[in-house]
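Undergrad: turn this into a model:
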Amino acid sequence: MPALRLEVFDTAPAPDGSMLPLVEATAVEEAKVASFEQGYSAGWDDALAAQQGDQTRIRADLARNLQSLSFTFQEARIHVLQAIRPLILQMVDRLLPEVAREALAPTVLEAVMPLAEGLADAPLTLVLNPSVRGQVEDLVSQATGLPMVIDEEPTMPEGQVYIRLGAAESKVDLAQVTADIAIAVRAFFNLHS
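TA: From the prediction side, this is the model:
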């Protein structure tokens, strides 16, 4: 068992006339080292706790900000879609049918060419609305040089043409394509409104 040391409170002078130390020097050094270690350890623990607290706060702030940005993006997207909706729907209603009318003759020609390659002698029969006869007839006759029979059918939509060449038959229906595009665009805006 180690010897018990007690602090000396005697202030009497030593036999050589010097004052005796109240506490031994080694004890003072040990106390300084122990105090330093304790303070260092406490400071380290405080720094770790503060860092963990900061990281928790930063994560929470980041999560809140990301969620806020997500809502802001969705709100902005919906706002932009609602702002352009009238323009897009007007384009679908007015511009798309005009584009389809302009594309009808080239589309009919594109459908006729594969049929015409094998049957150069047979007459080409086109069944179409009278309002599109001129543009379709002019383009197809110039491009193919085939004899043509045109059957006008006023009840057919303007974007629809039936093509017969010998036994082969084909149909161009831009009216249906235009209607399908309009339905898809309206469905898109109804889904995102």
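
Undergrad: any idea which helix or strand comes after the longest helix belonging to the chain?
TA: In the chain, with assignment by DSSP state H, the single longest helix is helix 25-90. Using DSSP states H and E, the helix or strand that follows helix 25-90 towards the C-terminus is helix 96-118.

Undergrad: contacts for that next one, please.
TA: Applying CB atoms under 8 Å, 6 or more residues apart in numbering, the set of residues contacting helix 96-118 from outside is 124, 126, 132, 135-136, 138-140, 143-144, 146, 158-159, 161, 163, 165-166, 168, 170, 172, 174-175, 177-178, 181-182. The way it works is simple: take the backbone N, C-alpha and C, and place the C-beta from them, glycine included.

Undergrad: mind checking which of the residues you listed land in strands?
TA: Cross-referencing the contacts of helix 96-118 against strands under DSSP state E gives 124, 126, 161, 163, 165, 168, 170, 172.

Undergrad: can you tell me which of those are buried?
TA: Buried members of these, counted by 16 or more other CB atoms under 10 Å: 124, 126, 161, 163, 165, 172.

Undergrad: wouldn't the fifth one be in contact with residue 126 here?
TA: No - taking CB atoms under 8 Å as the contact criterion, residue 165 and residue 126 are not neighbours in contact, 9.6 Å apart.

Undergrad: how close does the nearest residue in space to residue 127 that is not next to it in sequence sit to residue 156?
TA: Spatial nearest neighbour of residue 127, excluding adjacent residues (CB to CB, 6 or more residues apart in numbering): residue 162 at 4.0 Å. To residue 156, residue 162 is 8 Å away according to CB to CB, to the nearest Å.

Undergrad: am I right that residue 122 is in a helix?
TA: No - counting by DSSP: H, G, I helix; E, B strand; the rest coil, one finds residue 122 to be coil, located in no helix.

Undergrad: what sits against it?
TA: 146, 165-166 are the contacts of residue 122 under CB under 8 Å, 6+ apart.

Undergrad: kindly reformat those as a markdown table containing pLDDT.
TA: Below are the contacts of residue 122 laid out as a markdown table (pLDDT from 0 to 100):
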| residue | pLDDT |
| --- | --- |
| 146 | 76 |
| 165 | 79 |
| 166 | 75 |
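
Undergrad: closest to residue 46 out of the residues you listed?
TA: Comparing the contacts of residue 122 against residue 46 with CB to CB places residue 165 closest, at 91.3 Å.

Undergrad: residues near the residue nearest to that closest one when sequence neighbours are not counted, how many?
TA: Using CB to CB, 6+ apart and skipping the chain neighbours, the partner closest in space to residue 165 is residue 115 (4.2 Å). By other CB atoms under 10 Å, 19 other residues sit near residue 115.

Undergrad: I'd like to know which of the ones in strands among the contacts of helix 96-118 is nearest to residue 72.
TA: Checking these against residue 72 by CB to CB gives residue 172 as the nearest, at 46.7 Å.

Undergrad: quick one: residues contacting that closest one.
TA: By CB under 8 Å, 6+ apart, the contact list for residue 172 reads 104, 107-108, 111, 159-161, 163.

Undergrad: fine by me, we can end here.
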